[in-house]
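> 3D model of this:
(one chain, ligands or ions: 1)
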Amino acid sequence: MENNLFLDAAFSKPTQRPPVWMMRQAGRFMPEYWEIKNKYSFLEMCKTPEIAADVTMLPVDLLGIDAAILFSDILVTGEAMGGDLSFTQGVGPKFANPVRTAADIDRLETNVLDRLQYVADAIKVIQQRLNGSIPLIGFAGAPFTVMSYLIEGGSSKDFKLTKLFIHNQPALAHRLLSKIATVTTAYLNMQIEAGVNAIQLFDSWALALSWNDYRDFSHQYNQQILAGLNRENVPLISFCKGSSVFAPLMAEAKPDVISIDWNADLKNIKQSLPAGIAVQGNLDPFILYAEKPVIKKYILDLFERMRGEQGFIFNLGHGIMPDIPFSNVKYAIEVVKDFKY
Ligand code: 1CP
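Modelled structure (predicted):
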């Protein structure tokens with residue numbers, strides 16, 4: 001690899017500066033994304049390896065980040081299991097056949113890797129394009145977060161149906177989570193086999209859960225997935241909103257990196273974790289709306305705070321919002337790349 005910063009930091013080795021990539025870096029804040037998006041549906045983009053590769057490469061070519069992330073979505077596992085998935089502009093993801101009964105759960109299939117072959121194909125095309133320059137991050141949704149979309153039938157503000165389901169019908173919830181975990185383990189091993197250099201597990205909506213419910217309905221399954229991956233030389237990043245609370249439990253699953261939301265002091269979290277677990281984060285993405293001197297100050301303050309810490313990947317606490325100015329994102333990355341410890 002020409003640029004090893006990301007992999008070194010992920011394995012808690014020293015780096016001259018923190019590596020940088022940003023969640024949702026291949027997305028809607030880029031005019032070039034819309035040139036492609038105006039011609040195809042989102043799922044067509046994901047399922048056509050050449051197009052998925054084109055979109056993956058946009059932030060590589062236009063922003064110069066230190067790691068690329070596969071262009072896909074966390075909900076493709078739910079679709080492969082039998083979910084009738086669509087993405088509509090302004091509405092977001094929808095499952096037309098929500099999963100709410102034992103019969104719905106029994107209908108979901110788990111032997112579905114052939115339906116996700118397009119992802120392996122995209123990874124191979126992307127690796128040809130990257131040609132050893134920077135690492136490629138593969139990813140999947142964590143079982144709790146994917147389950148929430150299957151139950152709610154789409155996005156949710158309060159996860160009311162999902163929480164009712166785990167509270168009133170815990171045995172059914174465990175059956176559903178188990179099925180998703182089985183698919184997710186096989187799917188991530190397929191991505192590793194196809195050539196990704198790192199994996200991120202997205203448990204975006206874990207924040208909705210209490211500590212005990214997180215442990216029983218989320219963490220347990222993430223731990224099972226991590227234990228089932230062929231991870232040699234492929235670092236595993238565990239992400240959730242709420243990680244500043246759940247980090248001690250997340251660490252028990254033995255990820256290489258924990259991605260931290262913007263609420264926590266990153267150094268305090270890092271020092272509270274077992275040695276050898278790196279942290280990723282944790283700029284509030286709203287800082288990228290601010291004026292450039294403000295953006296610079298927040299980044300440099302974070303780097304100063306993290307001085308002397310090995311195992312730090314710079315990222316946002318959550319994804320880039322679609323209306324953040326492209327020039328601000330580009331500027332933030334320049335600030336990182338000009339920095340030296
Ligand atoms: O990060 C990247 O650039 C790579 C591509 C990527 C990733 C990693 C996309 C493209 N989606 C994701 C993960 C994802 N998808 C998550 C986890 C990360 C996070 O918390 O932000 C989640 C929760 C989703 C579900 C999803 N898919 C949403 C969020 C809906 C909600 O409930 O708030 C949306 C809007 C999508 C569609 C989607 N996925 C990706 C893009 C670029 C889009 C927009 C599609 C479009 O209309 O153009």
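> shouldn't residue 57 be in contact with residue 68?
Yes. Using CB atoms under 8 Å, residue 57 and residue 68 qualify as a contacting pair, with a distance of 7.2 Å. Any C-beta I mention is one placed from the backbone N, CA and C, and that applies to glycine too.
> more crowded one of these two?
residue 68 (27 against 17; other CB atoms under 10 Å).
> okay but that one is in contact with residue 138, surely?
No. The criterion here is CB under 8 Å, and residue 68 misses it with residue 138 at 10.3 Å.
> follow-up on the earlier one: mutual contacts of residue 57 and residue 68, please.
Common contacts of residue 57 and residue 68 (CB atoms under 8 Å, 6 or more residues apart in numbering): 126, 130.
> tell me the contacts of the residue nearest the centre of the chain?
For the chain, residue 202 is the residue whose C-alpha lies nearest the centre (CA atoms, centre = their mean; 4.2 Å). Counting by CB under 8 Å, 6+ apart, residue 202 touches 74, 139, 140, 141, 142, 145, 239, 240.
> doesn't the second one belong to a helix?
Looking back up the chat, that one is residue 139. No. Looking at residue 139 with DSSP: H, G, I helix; E, B strand; the rest coil, it is strand, so not inside a helix.
> distance check, it against residue 96.
24 Å (CB to CB, to the nearest Å).
> residues in contact with whichever residue of the stretch 51-200 of the chain sits closest to the ligand?
When distances are taken as CB to the nearest ligand atom, the stretch 51-200 of the chain reaches nearest to the ligand at residue 155, 3.0 Å away. Residue 155 sits next to 92, 93, 149 when contact means CB under 8 Å, 6+ apart.
> and for residue 40?
48, 51.
> ok, now residue 44?
Contacts of residue 44 (CB under 8 Å, 6+ apart): residue 51.
> on that earlier part again, the contacts of residue 155: which ones sit near the ligand?
Of the residues in the contacts of residue 155, proximity to the ligand by CB under 6 Å from any ligand atom holds for 92, 93.
> buried subset of the contacts of residue 155, written for PyMOL?
Buried residues within the contacts of residue 155, by 16 or more other CB atoms under 10 Å, are selected in PyMOL with:
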select buried, resi 93+149
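> now, which of the contacts of residue 155 lie within helices?
residue 149 (DSSP state H).
> would you format the contacts of residue 155 as TSV with distance to residue 281 and pLDDT included?
Listed next are the contacts of residue 155 as TSV, based on distance: CB to CB, whole Å; pLDDT from 0 to 100:
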residue	distance to residue 281	pLDDT
92	24	94
93	25	98
149	24	98
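> helix or strand: which one has the residue of the stretch 1-150 of the chain found nearest the ligand?
Closest contact between the stretch 1-150 of the chain and the ligand, by CB to the nearest ligand atom, is at residue 26 (3.4 Å). Residue 26 is part of no helix or strand when elements are defined by DSSP states H and E.
> right, and it touches residue 62 too?
No. Applying CB under 8 Å as the test, residue 26 and residue 62 come out as separate, 10.2 Å apart.
> which one of the two has more residues nearby?
Using other CB under 10 Å, the more surrounded residue of residue 26 and residue 62 is residue 26, with 25 against 16.
> starting at the chain centroid, how far to stretch 59-69?
Centre-to-centre, stretch 59-69 and its host chain are 16 Å apart (CA atoms, centre = their mean, to the nearest Å).
> with stretch 236-244 instead?
Centre to centre, stretch against its chain (CA atoms, centre = their mean), the figure for stretch 236-244 is 9 Å.
> quote the end-to-end distance of that stretch.
18 Å (CA to CA, to the nearest Å).
> residues contacting that stretch, please?
Residues contacting stretch 236-244 (CB under 8 Å, 6+ apart): 10, 23, 137, 142, 145, 198-207, 209, 214, 218, 222, 226, 229, 246, 250, 253, 255-261, 263-264, 269, 280, 317-318.
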